[in-house]
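> Quick check, what structure comes out for this input:
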Amino acid sequence: MTSPFAARPPVGWGILGCGRFAQRRVLPAFAGSKITRIVAIQKRDAAQARAAADAAGVPGAYASRDELLSDKNVHAVWIAGHNAGHLDDVLACAAAGKAVLCEKPMGLSAAECRTMRDACAAKNVPLFVGHCCRYHHAVEQAHAMVKSNALGELRALRAFFAFRCAPGVWRRDAGLSGGGPLLDLGPHVADFLRYVSGREVREAIAFVDPPRDLKAGRVEDRARAIVTLDGGIPAELSVSFVEPFRTGFELAGTEASLRGDYVLSAIDNPCVRLERFTGDPQPPACEKLPVEHRDLFRMQLEDVSQALLNPSHAPRCARAEDGVKSLEIIDAIYKAGEKGTRTKVG
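Here you go, the predicted model:
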């Protein structure tokens, strides 16, 4: 895809839906960057938008999406609003010719994601998805070990993400979120399984509690699924809004296993442990691996901006098709939980 920004650094960014998340995580990512600049933000309340922009030193502050997209200094848009608004926001950005980085989940369903993907492709607009965990050092190590066969032949994977989500917040409002932890946290876990293994997920069996009921406005509290990857490799996906904060993964190979705890979020408290098998029934040789602290959002921003400025740059960031694949997995898990049967993905 030819970049429309190749001769115009720095890339001017706007943020749609500049709420608490964007102010805490996204805005600080621009500090000191030589190839990006934040030029505009949007919040529904004009006074709040101006106050947030002034606090961050951002020149443009708008109350509507159309105003931000009309700003000629905005080349790319970071979509950070509620899940239910992602589809309309992406389609509007595509129509305006603005590159897009959309927070996960890319859409409320795989069908929505395909619509976004196709609309952006028709306008030659780059579309990226905010699977920021790809930049975590522990995930990078896991990806490299699987690719180099450092663990031996991959036999199984497990990934999980949980935190206690209070009642009454937008994540539990079906009209804004579209789902519970499966739609909110599940994309991180689903993308981890695909990205690290290099394989696609083909089938799922699942437990979703309670069943999601969008008509009644009810989202699930937790979900657990066993999915099958290419080659028949099993993987476990677990997410929850009713358990204490925990994130992580476990990879089991024929020669070694790798476990990472607190490594699928921007909260920095990682522990990564490599166990090399020395032969049954001997205990494995254990090693705690060092993990670098990283600003995941800054790395993602720079990576995407490099891709916009340089067509030869191969970004690590998830692309539109990755967003589609993640939601195909989520859709299949919801369906498997509802029907109580093994469900094909996609």
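> mind listing the strands for the stretch 101-250 of the chain?
Using DSSP state E, counting those that start in this stretch, the strands of the stretch 101-250 of the chain run over residues 127-130, 154-162, 201-209, 222-229, 233-240, 246-253.
> Select, out of these, the one closest to residue 8.
Of all those, it is strand 127-130 that lies closest to residue 8, at 18.2 Å by Cβ to Cβ. Using the backbone N, CA and C atoms, a C-beta is placed for each residue, glycine as well.
> what's next to the closest one, contact-wise?
Contact with strand 127-130 is made by 90, 94, 99-104, 106, 116-117, 120, 300, 304, 307, 315, 317-320, 322-323, 326, as judged by Cβ atoms under 8 Å, 6 or more residues apart in numbering.
> at 6 Å instead, please
100-104, 106, 120, 304, 317-318, 320, 322-323 (Cβ atoms under 6 Å, 6 or more residues apart in numbering).
> how about JSON lines for those residues, with pLDDT added?
Formatted as JSON lines, the contacts of strand 127-130 follow (pLDDT from 0 to 100):
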{"residue": "100", "pLDDT": "98"}
{"residue": "101", "pLDDT": "98"}
{"residue": "102", "pLDDT": "98"}
{"residue": "103", "pLDDT": "97"}
{"residue": "104", "pLDDT": "97"}
{"residue": "106", "pLDDT": "98"}
{"residue": "120", "pLDDT": "98"}
{"residue": "304", "pLDDT": "97"}
{"residue": "317", "pLDDT": "97"}
{"residue": "318", "pLDDT": "98"}
{"residue": "320", "pLDDT": "98"}
{"residue": "322", "pLDDT": "98"}
{"residue": "323", "pLDDT": "98"}
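> Closest to residue 51 out of these?
Among these, and counting by Cβ to Cβ, the member closest to residue 51 is residue 103, at 22.4 Å.
> quick one: the closest residue to that closest one other than its chain neighbours and residue 137, what's the gap?
Distances taken as Cβ to Cβ, 6 or more residues apart in numbering place residue 130 nearest to residue 103, at 4.3 Å, with adjacent residues excluded. Between residue 130 and residue 137 the distance is 18 Å, computed by Cβ to Cβ, to the nearest Å.
> Only alpha carbons, please: show stretch 325-337 as PDB.
The C-alpha trace of stretch 325-337 is given here as PDB (Å, rounded to 0.1, in the frame of the first residue of the first chain):
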ATOM      1  CA  LYS A 325      -9.400 -12.800  12.700                       C
ATOM      2  CA  SER A 326      -9.600 -11.800  16.400                       C
ATOM      3  CA  LEU A 327     -13.300 -11.200  16.200                       C
ATOM      4  CA  GLU A 328     -13.900 -14.400  14.200                       C
ATOM      5  CA  ILE A 329     -12.400 -16.200  17.200                       C
ATOM      6  CA  ILE A 330     -14.500 -14.200  19.700                       C
ATOM      7  CA  ASP A 331     -17.700 -14.700  17.600                       C
ATOM      8  CA  ALA A 332     -17.000 -18.500  17.600                       C
ATOM      9  CA  ILE A 333     -16.500 -18.600  21.300                       C
ATOM     10  CA  TYR A 334     -19.800 -16.700  22.000                       C
ATOM     11  CA  LYS A 335     -21.600 -19.100  19.600                       C
ATOM     12  CA  ALA A 336     -19.900 -22.200  21.200                       C
ATOM     13  CA  GLY A 337     -20.900 -21.000  24.600                       C
END
